[in-house]
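[1] Sequence first, predicted model second:
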Amino acid sequence: LVGEAIEGIRDQVFLVSKVYPHNAGLNRIVGSCEQSLKRLKTDRLDLYLLHWRGSIPLSETVEAMEQLVEAGKILRWGVSNLDTDDMKELFDAAQGTHCMVDQVLYHLGSRGVEYDLLPWLRERKIPTMAYSPLAQAGTLRIGLVEHPAVKEIADRHGMKPLQILLAWCIRSGDVIAIPKASTAAHVEENAEAERIKLTEEDLVMLDEAFPKPTRKVQLDII
């Protein structure tokens, strides 16, 4: 479906895909990447991510990613669901500092990465890519969008609660949010969140409703 959507406009999009951990070694990553390229009907990926950490050493995955870069099959690479200790190990590997992004679960109701991972990435100028920035559908999302603080701030800005959640997620300027969108109207609605400038009062209210972490917690993964 993505291949059909980008046909004829490939140079206008930034195309990202992922490799499963069991395919992220030297003996399988090329074939896995080529299959993705075939399905997407393109000759290269703008960004290729390790889906999560598996049994293959990170150093081997880095070497494999670098080979894909040299071959022109990917332009850059990154990781997903790696916590601070994992990132430190990655950076100790040869060319591990070439990692361009860490994609992690991050939203107002899941702020654990703020304790040490986000600061560590910021010190090294590595963007964070937030998946599920609106939380998964269900009671957690309902608890966010229907929270009095979120609704009050949304009314104040003339926006919807979900747009406030997105604006909060990207408030620092170095976090990329990737919310799901199934229609053009939904895409446009998400994009409007970029225009929202949350005030200090807004941020304090959200911090009181959904406190920052005060200790290290296990990385949330879905």
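    Thanks, I have it.

[2] where do the strands sit along the chain?
    For the chain, the strands defined by DSSP state E cover 16-19, 47-50, 77-80, 102-105, 128-131, 175-178.

[3] what's the third one in contact with?
    It refers to strand 77-80. Outside strand 77-80, the residues that touch it by C-beta atoms under 8 Å, 6 or more residues apart in numbering are 18, 47-53, 65-66, 68-69, 86-87, 90, 98-104, 129, 131. All C-beta atoms are positioned from the backbone trio N, CA, C, and that covers glycine.

[4] Can you list the strands that that strand pairs with?
    Sheet partners assigned to strand 77-80 using DSSP bridges are listed as strand 47-50 (parallel), strand 102-105 (parallel).

[5] Adding mean neighbour count, mean pLDDT and distance to Arg111, write those strands out as a markdown table.
    Output for the strands paired with strand 77-80, formatted as a markdown table (neighbours: other C-beta atoms under 10 Å; pLDDT from 0 to 100; distance: least, C-beta to C-beta, whole Å):
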| stretch | mean neighbour count | mean pLDDT | distance to Arg111 |
| --- | --- | --- | --- |
| strand 47-50 | 25 | 98 | 22 |
| strand 102-105 | 24 | 98 | 10 |
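
[6] Local confidence estimate at Ser182?
    For Ser182, the model assigns a pLDDT of 83.

[7] nope, Thr199 is what I meant
    For Thr199, the predicted pLDDT is 97.

[8] What is the neighbour count of it?
    11 (other C-beta atoms under 10 Å).

[9] how close does the nearest residue to Glu34 once chain neighbours are set aside get to Ala135?
    The shortest distance from Glu34 to any non-neighbouring residue, by C-beta to C-beta, 6 or more residues apart in numbering, is to Lys73 (7.2 Å). Using C-beta to C-beta, to the nearest Å, Lys73 is found at 34 Å from Ala135.

[10] what about Thr84, neighbour count?
    Neighbour count of Thr84, defined by other C-beta under 10 Å: 18.

[11] my read: it touches Trp120, true?
    Yes. Between Thr84 and Trp120 there is a contact under C-beta atoms under 8 Å: 5.3 Å.

[12] Next, the contact list for Glu66, please.
    By C-beta under 8 Å, 6+ apart, the residues touching Glu66 are Trp77, Gln95, His98.

[13] Where do the helices of the protein begin and end?
    2-6, 29-40, 58-70, 84-92, 117-123, 139-145, 148-157, 161-169, 184-191, 200-209 (DSSP state H).

[14] ranking those by burial, who's on top?
    helix 161-169 (a mean of 23; mean count of other C-beta atoms under 10 Å).

[15] can you give me the angle it makes with helix 200-209?
    Here the directions of helix 161-169 and helix 200-209 differ by 100 degrees (axes from the mean of the first three to the mean of the last three C-alpha atoms, to 10 degrees).

[16] And helix 161-169, what does it pack against?
    helix 139-145, helix 148-157, strand 175-178, helix 184-191 (3 or more C-beta pairs under 8 Å, 6 or more residues apart in numbering; DSSP states H and E).
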